[in-house]
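A.B. asks: using only what follows, build the 3D model:
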Amino acid sequence: MSIEVALPALSPTMESGTLAKWLISPGDTIAVGDLLAEIETDKATMEFEATEGGVVAALKVTAGTEDIPVGTVIAILAEDGEAMPLLGDDQAEAHAAATADESATADQAPPPPLSAAMIIEAPRTAAAAPVDPDADTTPLAGKLAAAKGMDLNAMRGSGPDGRILWQDIVANHTSQDKSSAPAKVVAGDQANGPVSDVPHDAEPLNGMRKTIAHRLSESKQTVPHFYLSVTCRIDALINLRQRLNEELVPDGIKLSVNDMLIRAMAGALQRVPNANIGFGGDTLYRYHRVDIAMAVAVEGGLVTPVIRDAGAKSLAAIAAEARDLAERAREGRLMPDDYQGGTASISNLGMYGIDAMGPIINPPQGLILGVGSSREGPWSQDGAIVSAQLLTATASFDHRAIDGSTGADFLAEFRRLTEQPMLMLA
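C.D. replies: You can find the predicted model right below:
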């Protein structure tokens, strides 16, 4: 009995994916846990493992195919000893009859094994065209062309004297499919064409950028954002970081300012639990643990790997985990568990010299904290103006779930922890 292998949802937001690369071929015997393919999702490129064993009977989707809906059958497995209809029942006989004919073609290298990944099956309801008896073609090529309704008289093959081989049918049919496929247009984008008289390149959106565009547009349109900002003096935080890094050299751990800000944010959410909340329509989700999603810029977009239970972790543990997640994110090696969830997010553009930012909420989270760069500026202390290292943080809140006073309490605690960083070690 054949087994259908469907494209799985590898992340909560995944609606479609790109089949980047097949790791198997028709005829291969696979076991549970064997790698089948590399799938590009909205977050990363991940390897897809087999959940059942068998023999690869057919690859239904070619490598490089984009926007494959979740649930689409991408491969067929057969049990050991079961017939493998690589060409479909109506093509098996023609394949057998044509194999000797094509392989014996003069001065031609033997054709590569015929695989279902190369053969694009015609719909079962399509009417087959009659085979042109005068066409210079191999029997298999003629059979495939008839099944797909292709005109052989308009083709010149790659065989001797232009003879049409089955590879020519596949290549011709694939190019026709790509040229005739209707473009997917997002509602409202029809008017967003290029300026007609300005030279430009048109670059299709990859899966990650499409998801970012969709989710952030939806967030700004449906979530009532409000923004609060605080400016913190971080001289004490910078000094503590330097002292701790000196002590942590033997352990190979180096704290960043962002690691300490993640810890301060987690501590603030623990102290103001009404800010550690999510909106679910007619339900509010009050979380008992603080999971911080941190924005990491990657090629083609950004991802938000999650530091679980950040409020219960030491600065050293947060630093080690944040570094590992960021490295794997940039290499495209994150697993779904690495970026699913998160009760709140942080986005730090300080390394780009940005003074302040107002980030967009990632629903169903109730807040995201945007952090700018540290800078030297004037600060009032004991009635005198002194020079200090300052940092501005802006939080975006979902007003459906979080009130202004709650947001103010959260930022007050965040400022207290950054200005008195020894509290993070308590």
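
A.B. asks: the closest residue to residue 28 other than its chain neighbours: how many residues sit nearby?
C.D. replies: Leaving aside its chain neighbours, residue 28 sits nearest to residue 56 (4.7 Å; criterion: CB to CB, 6 or more residues apart in numbering). Placement of C-beta: from N, CA and C, glycine included. Close neighbours of residue 56, defined as other CB atoms under 10 Å, add up to 25.

A.B. asks: elements contacting the helix or strand residue 56 falls within?
C.D. replies: Here residue 56 sits within strand 54-59, counting by DSSP states H and E. Counting contacts by 3 or more CB pairs under 8 Å, 6 or more residues apart in numbering; DSSP states H and E, strand 54-59 packs against strand 29-30, strand 73-78.

A.B. asks: helices or strands next to the shortest one in the packing?
C.D. replies: Yep, that's strand 29-30 we're talking about. Strand 29-30 packs on strand 54-59, going by 3+ CB pairs under 8 Å, 6+ apart.

A.B. asks: following element in sequence after the strand it packs on, please.
C.D. replies: Taking DSSP H and E, what comes next after strand 54-59 is strand 68-69.

A.B. asks: helices or strands next to that next one in the packing?
C.D. replies: Checking 3+ CB pairs under 8 Å, 6+ apart, strand 68-69 ends up next to strand 16-22.

A.B. asks: which strands and helices sit next to the strand it packs on?
C.D. replies: Against strand 16-22 (3+ CB pairs under 8 Å, 6+ apart) you get strand 35-40, strand 68-69, helix 207-222.

A.B. asks: list the buried ones in it?
C.D. replies: The neighbour-count check on strand 16-22 (16 or more other CB atoms under 10 Å) flags 16, 17, 18, 19, 20, 22 as buried.

A.B. asks: check stretch 383-396 too.
C.D. replies: Buried, per 16+ other CB under 10 Å, within stretch 383-396: 388, 389, 390, 391, 392, 393, 394, 395, 396.

A.B. asks: now stretch 346-355
C.D. replies: 346, 347, 348, 349, 350.

A.B. asks: okay, those in JSON lines with secondary structure next?
C.D. replies: Shown next, in JSON lines, are the buried residues of stretch 346-355 (DSSP: H, G, I helix; E, B strand; the rest coil):
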{"residue": "346", "secondary structure": "strand"}
{"residue": "347", "secondary structure": "strand"}
{"residue": "348", "secondary structure": "strand"}
{"residue": "349", "secondary structure": "coil"}
{"residue": "350", "secondary structure": "helix"}
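
A.B. asks: possible to save these as CSV with distance to residue 210 and pLDDT?
C.D. replies: Output for the buried residues of stretch 346-355, formatted as CSV (distance: CB to CB, whole Å; pLDDT from 0 to 100):
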residue, distance to residue 210, pLDDT
346, 24, 97
347, 20, 96
348, 25, 95
349, 23, 94
350, 28, 92
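
A.B. asks: how close does the residue nearest to residue 28 sit to residue 76?
C.D. replies: 8 Å (CB to CB, to the nearest Å).

A.B. asks: now residue 390: closest residue in space, sequence neighbours ignored.
C.D. replies: Per CB to CB, 6+ apart, closest to residue 390 is residue 377, 4.6 Å.

A.B. asks: ok, the one you found to residue 416 distance?
C.D. replies: The value you get for residue 377 to residue 416, if CB to CB is used, is 20 Å.

A.B. asks: okay, the two: which has more neighbours?
C.D. replies: With neighbours defined as other CB under 10 Å, residue 377 and residue 416 compare such that residue 416 has more, 16 against 13.

A.B. asks: residues touching residue 359, list them.
C.D. replies: 295, 345, 347, 368, 369, 370, 394, 396 (CB atoms under 8 Å, 6 or more residues apart in numbering).

A.B. asks: show the pLDDT at the nearest residue to it once chain neighbours are set aside.
C.D. replies: Using CB to CB, 6+ apart and skipping the chain neighbours, the partner closest in space to residue 359 is residue 370 (4.0 Å). Per-residue pLDDT puts residue 370 at 97.

A.B. asks: could we number from 57 for the rest of this?
C.D. replies: With the count now opening at 57, the last piece we talked about shows up as residue 426.

A.B. asks: mind giving me the domain ranges of this protein?
C.D. replies: Following automatic domain parsing, one finds the domains of the chain at 59-134, 145-236, 265-481.

A.B. asks: okay, those in TSV with distance to residue 249 next?
C.D. replies: Converted to TSV, these look like this (distance: least, CB to CB, whole Å):
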stretch	distance to residue 249
domain 59-134	21
domain 145-236	20
domain 265-481	16
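
A.B. asks: which of those comes out lowest on mean pLDDT?
C.D. replies: The bottom spot among these, by mean pLDDT, belongs to domain 145-236, with a mean of 54.

A.B. asks: for the residue nearest to residue 446, give the beta-bridge partners.
C.D. replies: residue 444 (DSSP bridges).

A.B. asks: so what's it up against?
C.D. replies: Going by CB under 8 Å, 6+ apart, the list of residues near residue 433 reads 443, 444, 446.

A.B. asks: likewise residue 286?
C.D. replies: So residue 286 contacts 448, 449, 467, 468, 470, 471 (CB under 8 Å, 6+ apart).

A.B. asks: for it, list each beta-bridge partner.
C.D. replies: Under the criterion used (DSSP bridges), residue 286 bridges to residue 449.

A.B. asks: what do you get for residue 437?
C.D. replies: Going by DSSP bridges, residue 437 forms beta bridges with residue 440.

A.B. asks: for residue 372, find the nearest of the helices and strands packed on strand 110-115.
C.D. replies: Evaluated over the helices and strands packed on strand 110-115, closeness to residue 372 peaks at strand 85-86, with 42.1 Å, by CB to CB.

A.B. asks: sheet-wise, list the partners of the strand holding residue 112 with their directions.
C.D. replies: Going by DSSP bridges, the partners of strand 110-115 are strand 85-86 (antiparallel), strand 129-134 (antiparallel).

A.B. asks: can you say which of those is packed in most?
C.D. replies: A comparison of the strands paired with strand 110-115 by mean neighbour count, using mean count of other CB atoms under 10 Å, puts strand 129-134 on top with a mean of 22.
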